[in-house]
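[1] Give me the fold of what follows.
(chains A and B)
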Protein chains: 2
Amino acid sequence: MQTVSENLCFGGVQRVHSHVSKATGCEMTFGLFLPEQAKSAKVPVLWYLSGLTCTHENAMAKAGAQAWASRAGIALVFPDTSPRGEDVADDKEYDLGQGAGFYVNATQAPWKPHFQMWDYVTEDLPELVFSEFALDPDRQGITGHSMGGHGALTIAMTLPDRYRSVSAFSPICNPTASDWGRKQLRAYLGADEAAWAAHDASLLMGAKGFDGPVLIDTGTSDQFLDLLRPETLAGAMTARRQPGVFRMQPGYDHSYFFVSTFMQDHVEFHAGALTA
Amino acid sequence: MQTVSENLCFGGVQRVHSHVSKATGCEMTFGLFLPEQAKSAKVPVLWYLSGLTCTHENAMAKAGAQAWASRAGIALVFPDTSPRGEDVADDKEYDLGQGAGFYVNATQAPWKPHFQMWDYVTEDLPELVFSEFALDPDRQGITGHSMGGHGALTIAMTLPDRYRSVSAFSPICNPTASDWGRKQLRAYLGADEAAWAAHDASLLMGAKGFDGPVLIDTGTSDQFLDLLRPETLAGAMTARRQPGVFRMQPGYDHSYFFVSTFMQDHVEFHAGALTA
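    Residues are numbered from 1 along each chain as shown, chains lettered A, B, ... in the order given. Alright, predicted model coming up:
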């Protein structure tokens, strides 16, 4: 593991590291905010998965999460959104390939060799950060934005003993029925749609739900509402009687100005579950 | 004036506009955060001047100031750091020309036609924003980072009736004696160093001080301390008995991770002066 940068931030340290991942077979970069409390004890962890076109850096620089994580004494992990490099497959469109891993393990060419983002986020990167830093694996929450909200929800519901709490900002809620999903799931997982259901938050919510609190925020002026399909997830949550809160925030759009506005709520939501 | 973007943010609106400036003779872009309180009354204004290589966007996206400005009910203005465009003079180095206006009115070729950033920030842009938005010209404060801290301090001391409060993050404190200053002041103002003194915060502090509260934060691990020369400004402030606070923050560097950490203090410092 290499150290790319270390910046003191809200009394803690905002770190960036790179490492060669077994899962993706290439060098990966991630951000990690360690609050001051990590100097003396293992701290809870909130995973933040980013959206299309993002790297590890966007949320780390723009979401303002460190302000609240430092107060709550929880760490933040910011993984990248895909494998990267000249030897890694890519596509000319922004929504497929590098920057658009969709948090799945690809089974199809040309993506299969490196696009193993599910394993990277759930196995490879956790193994590294829990061995290297003062983080408590028994107190994990997960959140994300847009494609990262999709990742957070699908991962949390699939690994129910792993995360105590899950939240999302403007998540892709129903990718099997959206142009943000069908194209990518076909490319990464193949034409058989049966394999896609495991990566659809609304279908997973209907099938199994989440054994813990859920918080979702989406803006009523989000320019991508037709692609996000919040109604399918809100419908599935309420039909299932899933404990949780689904908020449509009046006037907010899809940007980090929206994410930063409600970041305090999300960090405190997770802190409540992780420090109880 | 054109509208580039409007994003709801912390209950207010983060706006970006462009306009043709009389002062700089080219199109300029600025950011403006209007808190929700501006819907019903004129609100106080905090000017934020950015540093070398920055545009209007850096602080707007990364400093986290909107979180605190929305609570205090004050607006934020984020001017660009220089004129820009293909017809505007430039230099191959990052610290001269576009992105490096140093908040002066250039008197020398090739900079004179467009590099009139002092007039832009103190006359042209104020005229526009006070006529177009619900901002109270009697309640203004000014702050900035690095080159922008230099701008905030020199402008505030030169226009003592304009701003009630001034603060700075890791300001360039003594440009007449620094490689962040001598090169640029010579290029923009000419070889006669007598013209430079009006743009040196430490010299201005010694000569006239500021009739209001002053807050300065600089990190002890700032990688540019030798260029910033905080000791000259702290010396001048204390020698003059200037009311104010000069804080050396242990371990912090020059980045926006430092700026965002202390942004709450600065916004609340100005809010205290502007809403008293």
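[2] where does chain A come near chain B, residue by residue?
    Within chain A, the positions near chain B by CB under 8 Å from any CB of the partner chain are A:7-11, A:14, A:61-62, A:64, A:66-67, A:219, A:221, A:251-253, A:255-258, A:260-261, A:264. To be clear about C-beta, it is placed using only N, CA and C from the backbone, and glycine gets the same treatment.
[3] A:Leu52: what secondary structure?
    coil (DSSP: H, G, I helix; E, B strand; the rest coil).
[4] Can you check what pLDDT the model gives it?
    Looking at A:Leu52, its pLDDT is 97.
[5] For chain A, give me the ranges with low pLDDT.
    By pLDDT under 70, chain A has no low-scoring segment.
[6] Drop anything exposed from the residues of chain A next to chain B.
    The neighbour-count test (16 or more other CB atoms under 10 Å in any protein chain shown) marks A:7-10, A:14, A:61-62, A:64, A:66-67, A:219, A:252-253, A:255-258, A:260-261, A:264 as buried among the residues of chain A next to chain B.
[7] Return the nearest residue of the stretch 151-276 of chain A with respect to chain B.
    For the stretch 151-276 of chain A, the residue closest to chain B is A:Phe257, as judged by CB to the nearest CB, at 3.8 Å.
[8] ok, longest helix in chain A?
    As assigned by DSSP state H, the longest helix anywhere in chain A is helix A:256-274.
[9] Help me confirm that A:Glu6 is found in a strand?
    Yes: assignment of A:Glu6 by three-state DSSP places it within a strand.
[10] how many neighbours does it have?
    16 (other CB atoms under 10 Å in any protein chain shown).
[11] where do the helices sit along the stretch 101-250 of chain A?
    For the stretch 101-250 of chain A, the helices defined by DSSP state H, counting those that start in this stretch cover A:117-119, A:125-132, A:147-158, A:182-189, A:201-207, A:225-228, A:230-240.
[12] just the ones you listed: most buried one?
    Of all those, helix A:147-158 carries the top mean neighbour count, a mean of 27, counting by mean count of other CB atoms under 10 Å in any protein chain shown.
[13] what angle do that one and helix A:182-189 make?
    Here helix A:147-158 runs at an angle of 60 degrees relative to helix A:182-189 (axes from the mean of the first three to the mean of the last three CA atoms, to 10 degrees).
[14] what's the angle from helix A:147-158 to helix A:230-240?
    Using the same axes, to 10 degrees: helix A:147-158 against helix A:230-240 is 20 degrees.
[15] how far is helix A:147-158 from where the chain is centred?
    Mean C-alpha position of helix A:147-158 versus that of the full chain (CA atoms, centre = their mean, to the nearest Å) differs by 6 Å.
[16] need the contact list for A:Val43.
    Residues in contact with A:Val43 (CB atoms under 8 Å, 6 or more residues apart in numbering or on different chains) are A:34-35, A:37, A:73-75, A:134-136, A:139.
[17] actually A:Val166, not the one I wrote
    A:141-143, A:152-153, A:156-157, A:210, A:212-215 are the contacts of A:Val166 under CB under 8 Å, 6+ apart.
[18] B:Leu52: which of these is nearest?
    A:Thr143 (34.4 Å; CB to CB).
[19] Give me the spatial nearest neighbour of the closest one, chain neighbours excluded.
    Distance criterion CB to CB, 6 or more residues apart in numbering or on different chains; nearest residue to A:Thr143, sequence neighbours excluded, is A:Ser167 at 4.4 Å.
[20] for the one you found, which residues make a bridge with it?
    Counting by DSSP bridges, A:Ser167 is bridged to A:Leu215.
[21] so it makes contact with A:Gly141?
    Yes: checked against CB atoms under 8 Å, the pair A:Ser167 and A:Gly141 is within contact range at 7.5 Å.
[22] Give me the common contacts of these two.
    A:His270.
[23] quick one: A:Thr176 and A:Ala195 touch, right?
    No: taking contacts as CB under 8 Å, A:Thr176 lies outside contact range of A:Ala195: 10.2 Å.
[24] Could you name every residue contacting both of those two?
    Joint contacts of A:Thr176 and A:Ala195 (CB under 8 Å, 6+ apart) are A:Leu185.
[25] Contact partners for the closest residue to chain B within the stretch 51-200 of chain A?
    Proximity of the stretch 51-200 of chain A to chain B (CB to the nearest CB) peaks at A:Gly64, 4.4 Å away. The contact partners of A:Gly64, by CB under 8 Å, 6+ apart, come to A:260, A:263, B:64, B:67, B:260.
[26] Quick check on A:Ala67: phi, psi?
    Main-chain dihedrals, A:Ala67, degrees, to the nearest 10: phi -60, psi -40.
[27] And it, how far from B:Ala197?
    39 Å (CB to CB, to the nearest Å).
[28] correct me, but A:Ser170 touches A:His145?
    Yes: using CB under 8 Å, A:Ser170 is in contact with A:His145, at 6.4 Å.
[29] Mutual contacts of the two, please.
    Common contact partners of A:Ser170 and A:His145 (CB under 8 Å, 6+ apart): A:Val259.
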